[in-house]
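Participant: Need coordinates for the following:
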Amino acid sequence: MFGLLNGQRYGVAKIEALAMQPQSDIHQTTPTYYEPASPQEALDQHKLRVLIDELAQTRGLTIQMSLRATMIVATEDEDARKAAAEEFLEMAAQFDRILEMVFGSSPIDGIPLERLSWLRRIAAKNNSREARMRDVQGAVGSLSQRLSGGESPSYDQVRHFYVDNFPVVRDDMTAIIWDLWADLDAQRDDAVQGMKTLSETLSSTLGDIKRISMTVRMISLNAAVLASRAGEKGAGFSVIATEVRSLAEKIQSSANRANNVLKEMDFRR
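Facilitator: Residues are numbered from 1 along each chain as shown. Next up is the predicted model:
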């Protein structure tokens, strides 16, 4: 069924070996050192991991499209050739969608605009990557057009399709993926530093509140003493002094509770 020469068969075997190799063995998608700091961050990381894993699919798609193109060249079975061509076109459409997601400007269904803008901002940091990936997209589109017209490629064309395009997709998409994770790490570091600064500011403010509370309590005690000396004429003022002292104690208690919360946050961080 497969009428390939030995050299051609070797080239197919090489593509098949890569297709069977786990993507994590080619290039890992998620850094092992990346640990979420909270349950919410774990959920956000999961959503981002799904998005980034979709980018990683371009590597497998390129291999699988090469295999389908090879099958079209190798088989004499017309039904098998037609099925391989249809599968190639489906993969090419998926490849185009991912590239539009990374380098395009239009909204993508199912992806929040904020996350999409972040992805495209990171990918756009290196214009040469986009240029190379667009060249790959052009090669995929050219072969798709030929297959749609019922034309079969030659073995040399299929071999060049794989040799010229897979290394580009592998290297450039992996670089983009790692840039995305690096940016997430930087954002997390900034957030941690921001929380530290906020904690220090709140601690300082609570310290000021405690000092003010102590001053108010001293004033209320002095006012109570003066009111007692005034006898009946100071009775009303004594009531006010008592309320002021009670308020100062409540402020002191609230400040202590807030300070304990800050200490707990610092301990967890």
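Participant: Surely Met91 forms part of a helix?
Facilitator: Yes: the assignment for Met91 (DSSP: H, G, I helix; E, B strand; the rest coil) places it in a helix.
Participant: Tell me where this protein has helices.
Facilitator: Listed in chain order, the helices of the chain (DSSP state H) span 6-20, 23-26, 39-74, 78-103, 113-123, 127-148, 155-229, 235-268.
Participant: What residues does the nearest residue to Gln137 once chain neighbours are set aside make contact with?
Facilitator: Residue nearest to Gln137 in three dimensions, not counting chain neighbours: Leu99, with 5.4 Å by CB to CB, 6 or more residues apart in numbering. C-beta here means a position set from N, CA and C on the backbone, and glycine is covered the same way. Shown in contact with Leu99 (CB atoms under 8 Å, 6 or more residues apart in numbering): 58, 133-134, 137.
Participant: Domains in the chain, by residue range?
Facilitator: 6-194, 196-268 (automatic domain parsing).
Participant: circling back: least reliable of the helices of the chain by average pLDDT, please.
Facilitator: Among the helices of the chain, helix 23-26 carries the lowest mean pLDDT, at a mean of 43.
Participant: Endpoints of stretch 146-160, how far apart?
Facilitator: 15 Å (CA to CA, to the nearest Å).
Participant: Which positions within that stretch qualify as buried?
Facilitator: By 16 or more other CB atoms under 10 Å, the buried positions in stretch 146-160 come out as 147, 153, 155, 158-159.
Participant: Check stretch 55-73 too.
Facilitator: So stretch 55-73, judged by 16+ other CB under 10 Å, has buried residues 55-73.
Participant: Surely Arg115 touches Ile52?
Facilitator: No: using CB atoms under 8 Å as the test, Arg115 is too far from Ile52 to be in contact (10.6 Å).
Participant: which of the two has more neighbours?
Facilitator: Ile52 (20 against 14; other CB atoms under 10 Å).
Participant: looking at it, the more buried one is touching Leu180, isn't it?
Facilitator: Yes: assessed by CB under 8 Å, Ile52 is found in contact with Leu180 at 5.9 Å.
Participant: ok so, going back, just the buried ones among the contacts of Leu99, please.
Facilitator: 58, 133, 137.
Participant: so what's Ala182 up against?
Facilitator: Per CB under 8 Å, 6+ apart, neighbours of Ala182: none.
Participant: before we move on, what about Leu89?
Facilitator: Leu89 touches 144, 147-148, counting by CB under 8 Å, 6+ apart.
Participant: Output these as JSON lines; include the columns distance to Ala186.
Facilitator: Shown next, in JSON lines, are the contacts of Leu89 (distance: CB to CB, whole Å):
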{"residue": "Ser144", "distance to Ala186": "38"}
{"residue": "Leu147", "distance to Ala186": "43"}
{"residue": "Ser148", "distance to Ala186": "44"}
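Participant: closest to His46 among these?
Facilitator: Ser144 (33.2 Å; CB to CB).
Participant: Ala92 is in contact with that closest one, correct?
Facilitator: Yes: here Ser144 reaches Ala92: they are 4.5 Å apart, a contact under CB under 8 Å.
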